[in-house]
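Enquirer: Build the 3D model from these lines:
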Amino acid sequence: MLSSAMGWEMPDWEPLTGWAPVLACLRECPDAAWRAAALPLSQMAALTYTSTRGSYFNASSANESVEGWERVQTADPPAGMRAIFFEQHASSRGVVAFRGTDLDRTTPSGQADACADRLLFGESGEFPAFCEQFTTSTLDYYGQAVDFVSGVMKLRPNTSLLFTGHSLGAALAMMVSAASPAKLAVRGTLTPAVGFGTPSWLQPLKRRAGFSPSPAAAGAMFAVADAYDPVEAEAVLGHGLVGQVCRWGMHKPAPPSCKACFTTLRRGGGRIGAICEACFRERHVFAHYIADVRGPRPECVNASDAKLPAG
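Expert: As a prediction, this is how the structure comes out:
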């Protein structure tokens, strides 16, 4: 069981309908139970990088899944949005994990991601010349994400879904979650989302889809991050997140690679730039989160109350 009158127990993914018990655990259960709830989600997010085409691809992971879960469907075009649908038949639960940005701009995967990032997040300046090789449809990652989830829902109409991902993938998870009552009316209810290192996604959703999330979203969304991840820190400063913001290391001093970066962020230095590059590599790249999830649980607060760490 996930909980009992005596307190929290290890969530063992036993047959339970829906994600409510797991979300309750993410909000308040102790370290061991939190790890058991979050670890499978982090492993699914990791597989979106290592088992789809791009610079992180590892042939040994090509058809890999997570223990206790079946890998049912994968979106893996030569260039475009990547996602994997996992299902656990015993619990009637499913997870759609979205991939984050491929940072290698010498590959079609990385080039498409770079162009899609600019389009989705409304970055200023000219698009790189290599963006011209891609169609508007290819670079519409939000639209592709909605279409992929719509297909999953038609394939498994009785499966209770949750969305997850890292970075760009986390933003897509949150945006599709917020859109689920309107765009994915097969369910008629909001689908929960857990993001790792989540960028600001409220304005991209409003700009791309024309609406803001319903008040119910606050109870179903978790943005999990290192407190010194500059991507989520920027989202916290810009009030671009909804739900629970859960961060590791809130009371620790800034690592050397992040001191200048966070000083700039606190002074209102705009979007993260070159000064945050080392901090980005150390605290945002997903390999860092794989280690974090295996440690103590993060500290969670409502997004409206979230602030940068004091260090």
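Enquirer: From now on I want contacts and neighbour counts done on CA atoms only, so please keep to that.
Expert: Will do.
Enquirer: neighbours of residue 30, just the number please.
Expert: With neighbours defined by other CA atoms under 10 Å, the count for residue 30 comes to 16.
Enquirer: looking at it, it is touching residue 297, isn't it?
Expert: Yes - counting by CA atoms under 8 Å, residue 297 is a contact partner of residue 30 at 7.1 Å.
Enquirer: what distance separates stretch 153-168 from the middle of the whole chain?
Expert: Centroid separation for stretch 153-168 versus its chain: 12 Å, with CA atoms, centre = their mean, to the nearest Å.
Enquirer: where along the stretch 201-311 of the chain do the strands fall?
Expert: Per DSSP state E, counting those that start in this stretch, the stretch 201-311 of the chain carries strands over the ranges 221-226, 244-248, 299-302.
Enquirer: can you give me the angle the longest one makes with strand 244-248?
Expert: Note on geometry: by axes from the mean of the first three to the mean of the last three CA atoms, to 10 degrees, strand 221-226 and strand 244-248 are set 20 degrees apart in direction.
Enquirer: In the sheet, which strands lie alongside strand 221-226, parallel or antiparallel?
Expert: strand 193-196 (parallel), strand 244-248 (parallel) (DSSP bridges).
Enquirer: which other residues reach the longest one?
Expert: Strand 244-248 is contacted from outside by 27, 218-219, 221-227, 292, 297-303, 306, using CA atoms under 8 Å, 6 or more residues apart in numbering.
Enquirer: Of the residues you listed, grab the buried ones for PyMOL.
Expert: Burial among these is assessed by 16 or more other CA atoms under 10 Å; the matching PyMOL selection reads:
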select buried, resi 27+218+219+221+222+223+224+225+226+227+292+297+298+299+300+301+303+306
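Enquirer: the bottom helix or strand of the chain by mean pLDDT?
Expert: strand 3-4 (a mean of 40; mean pLDDT, DSSP states H and E).
Enquirer: Where does the prediction get shaky in this structure?
Expert: 1-17, 181-189, 269-271 (pLDDT under 70).
Enquirer: where do the helices sit along it?
Expert: 20-28, 31-50, 108-121, 136-139, 141-155, 168-183, 202-209, 230-237, 259-266, 277-283, 286-293 (DSSP state H).
Enquirer: Buried residues, the fourth one. List them.
Expert: If you call a residue buried by 16+ other CA under 10 Å, then helix 136-139 has these buried ones: 138-139.
Enquirer: Export only the CA atoms of it, formatted as PDB.
Expert: C-alpha atoms of helix 136-139 as PDB (Å, rounded to 0.1, in the frame of the first residue of the first chain):
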ATOM      1  CA  THR A 136       6.500  23.900 -39.600                       C
ATOM      2  CA  SER A 137       4.700  20.700 -38.600                       C
ATOM      3  CA  THR A 138       8.000  19.000 -37.700                       C
ATOM      4  CA  LEU A 139       8.900  21.900 -35.400                       C
END
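Enquirer: hmm, who's touching it?
Expert: Residues outside helix 136-139 that contact it (CA under 8 Å, 6+ apart) are 79-81, 112-113, 115-116, 119, 143-144.
Enquirer: Ok, stretch 173-180 next?
Expert: Outside stretch 173-180, the residues touching it (CA under 8 Å, 6+ apart) are 97-98, 142, 145-146, 163-165, 187-195, 201-202, 205, 212-214, 217, 221.
Enquirer: quick revisit: comparing the strands paired with strand 221-226, which stretch has the densest surroundings?
Expert: Highest mean neighbour count among the strands paired with strand 221-226 (mean count of other CA atoms under 10 Å): strand 193-196, with a mean of 29.
Enquirer: Run through who's touching that strand.
Expert: Residues outside strand 193-196 that contact it (CA under 8 Å, 6+ apart): 42, 162-167, 169-171, 173-174, 177, 220-225, 289.
Enquirer: Swap in 6 Å and give it another go.
Expert: 162-166, 170, 173-174, 221-225 (CA atoms under 6 Å, 6 or more residues apart in numbering).
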